[in-house]
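Trainee: have a look at this fold, sequence not included:
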């Protein structure tokens, strides 16, 4: 079994859920998260699908200086971009197919398309029935 964790754009969530359901894997966990990638929070030029057009001019950030900030020159305030984090546990033989479909739905070619992480899962137990491993994730 593998755990697939995908960080995606908020507006791609309905499409991603639909494709996972069509593949037969509708069981997943979704969380609202904030983060930043290579762009280090500089998202106004690239993150057009994430935030309203007025975001860059409407937000007035007044950071409270920390001890670190007082001792260092900080070039800009680190902004975090709202995202959705999906977690799904699947059998090993379908990981590649599911990852390809998540990429297909979420790739826009712009910064902020997201990341996918794949991790091994040692075991699973369905609390209600006590089923283990493959039976627990089906």
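Mentor: That came in fine, so what should we check first? In this text the structure is predicted, and so the values were computed from the model without any measurement. Numbering: from 1, shown residues only.

Trainee: and the contacts of the helix or strand encompassing residue 118?
Mentor: Using DSSP states H and E, residue 118 falls within strand 115-120. With contacts defined as C-beta atoms under 8 Å, 6 or more residues apart in numbering, strand 115-120 is touched by 1, 2, 3, 4, 5, 6, 7, 37, 95, 99, 102, 103. Backbone N, C-alpha and C define where each C-beta goes, glycine included.

Trainee: now with 7 Å, please.
Mentor: With contacts defined as C-beta atoms under 7 Å, 6 or more residues apart in numbering, strand 115-120 is touched by 2, 3, 4, 5, 6, 7, 95, 99, 102.

Trainee: neighbouring strands for the helix or strand containing the second one, and are they parallel or not?
Mentor: This means residue 3. Using DSSP H and E, residue 3 sits within strand 2-8. Strand 2-8 has its sheet partners listed here by DSSP bridges as strand 81-90 (antiparallel), strand 115-120 (antiparallel).

Trainee: and the helix or strand just after the first one, what does it pack against?
Mentor: Read it as strand 81-90. Going down the chain from strand 81-90, the next helix or strand is helix 95-106, by DSSP H and E. Contacting helix 95-106 under the criterion 3 or more C-beta pairs under 7 Å, 6 or more residues apart in numbering; DSSP states H and E are the following elements: strand 2-8, helix 13-22, strand 115-120.

Trainee: and helix 95-106, how far out from the chain middle?
Mentor: Mean-position distance between helix 95-106 and its chain equals 13 Å (C-alpha atoms, centre = their mean, to the nearest Å).

Trainee: do stretch 71-88 as well
Mentor: Worked out by C-alpha atoms, centre = their mean, stretch 71-88 lies 13 Å from the chain centre.
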